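A.B. asks: pasting the structure only:
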């Protein structure tokens, strides 16, 4: 059992973002992942994903994570959904936000790229992109 509000598959996350004007999507992958792999495109909803790294590209924890959430406008009344590559870092981020009194905080299960297939490649089994949700590369 999780210590955060719950896990949402990507379509459930999209639906919550569409139905709740205050809901925020926070992409906790690294800046390198945002640039090279792409990210969720919420422009259809009149929103944008907020990028706040959970871990840096150097593999170090982002010690300013909670501070940066606050700077992004996330508070105790803001539904916040965390997205990463496969749902692991985002679950940890949801737990940290919940422990800090922020949220309700959700984990977008399956993540942006989803689980690897039999050949070890992501992006074909599940996740935000496979669900057919809007995304773009810069």
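C.D. replies: Arrived safely. It should be emphasised that the depicted structure is a prediction, and the values quoted were computed from it without experimental measurement.

A.B. asks: How many residues are close by residue 99?
C.D. replies: Neighbourhood size, residue 99 [other Cβ atoms under 10 Å]: 13. All C-beta spots, glycine's among them, are computed from the backbone N, C-alpha and C.

A.B. asks: So it sits against residue 3, correct?
C.D. replies: Yes: counting by Cβ atoms under 8 Å, residue 99 sits close enough to residue 3 to count as a contact (7.3 Å).

A.B. asks: What is whichever helix in the chain runs longest packed up against?
C.D. replies: The longest helix of the chain (DSSP state H) is helix 88-99. Secondary-structure packing of helix 88-99 (3 or more Cβ pairs under 8 Å, 6 or more residues apart in numbering; DSSP states H and E): helix 65-71, strand 80-83, strand 105-108.

A.B. asks: what ranges of this structure fall below the confidence cut-off?
C.D. replies: 1 (pLDDT under 70).

A.B. asks: contacting residues around the residue nearest in space to the middle of the chain?
C.D. replies: For the chain, the residue nearest the mean C-alpha position is residue 83 (1.5 Å; Cα atoms, centre = their mean). Shown in contact with residue 83 (Cβ atoms under 8 Å, 6 or more residues apart in numbering): 13, 25-29, 40, 49, 90, 108, 111-112, 128.

A.B. asks: Among those residues, which pair sits farthest apart?
C.D. replies: 13 and 29 (14.9 Å; Cβ to Cβ).

A.B. asks: Break down the protein into its helices, ranges please.
C.D. replies: So, for the chain - with DSSP H - the helices run 10-19, 31-37, 65-71, 88-99.

A.B. asks: starting at the chain centroid, how far to the first one?
C.D. replies: It refers to helix 10-19. Here the centre of helix 10-19 is set off from its chain's centre by 12 Å, with Cα atoms, centre = their mean, to the nearest Å.

A.B. asks: Roughly how far does the closest residue to residue 41 other than its chain neighbours sit from residue 62?
C.D. replies: Closest residue to residue 41 in three dimensions, ignoring its sequence neighbours and counting by Cβ to Cβ, 6 or more residues apart in numbering: residue 134, at 4.1 Å. Distance, residue 134 to residue 62, using Cβ to Cβ, to the nearest Å: 26 Å.
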